[in-house]
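> Sequence and computational prediction follow.
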Amino acid sequence: MLKTDKEELLIGLISDTHVPSREPAIPASIIEDFKKRKIDFLFHLGDFEKYFVYENLLETFGKDKVIGISGNMDDNKIRKTLPSQLEFELLGHKIFMTHGMGGPNIIIKRLNKNFDLSKYDIIIFGHVHRPYNEKWRDGKWYLNPGTPTDKRFTDINSYAFLHLTHSDVNLEIIYL
């Protein structure tokens, strides 16, 4: 699905933007940061909310760069356009993306209960509105960029950059 000839990738991660219910648009500072750092891909982990948010990202970064999944708060057009989960390989890392489900407590346990994650190295999810950057005892990375816009269910707003090489996984969380 994703192809690259690079030896190192910079991926912008964003989730739970909730536009327009939380903000009228994804904060411009985030879009500018993604452009300034020349991201190779942008992964949106669901809860865009309205289809125009996805369209704006496609117009800004291009259809080959924007990889999105649908979330539980997305409109029907997004749900018909984007899958609820994705799996692919990048630089030798097997990656699984899903929005997530349920409350924020025990989210990693819940993900493992609902999906067979045994073949993946990196699990990227959203939904819980808080950032995660955890390598578990099973050796897998569990990553979540948090939410850049919600102030109702969290007091932490963030997005992230995933730096990938064949031998390294590094998440940089940016707090707003």
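Yes, it's here.

> how about the strands of this protein, start to end?
Assigned by DSSP state E, the chain shows strands spanning 8-14, 41-44, 66-68, 85-90, 93-98, 122-125, 131-135, 141-145, 158-165, 169-175.

> Just send the ones you listed back as CSV, with mean neighbour count, mean pLDDT and distance to residue 112 too.
C-beta coordinates here come from the backbone N, C-alpha and C atoms, glycine included. Shown next, in CSV, are the strands of the chain (neighbours: other CB atoms under 10 Å; pLDDT from 0 to 100; distance: least, CB to CB, whole Å):
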stretch, mean neighbour count, mean pLDDT, distance to residue 112
strand 8-14, 21, 98, 21
strand 41-44, 23, 98, 21
strand 66-68, 21, 97, 23
strand 85-90, 15, 96, 14
strand 93-98, 21, 97, 11
strand 122-125, 24, 97, 9
strand 131-135, 17, 92, 13
strand 141-145, 24, 97, 10
strand 158-165, 21, 97, 21
strand 169-175, 16, 96, 18
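
> longest helix anywhere in the protein?
Longest helix in the chain, counting residues (DSSP state H): helix 51-61.

> what comes up buried for it?
If you call a residue buried by 16 or more other CB atoms under 10 Å, then helix 51-61 has these buried ones: 51, 52, 53, 54, 56, 57, 61.
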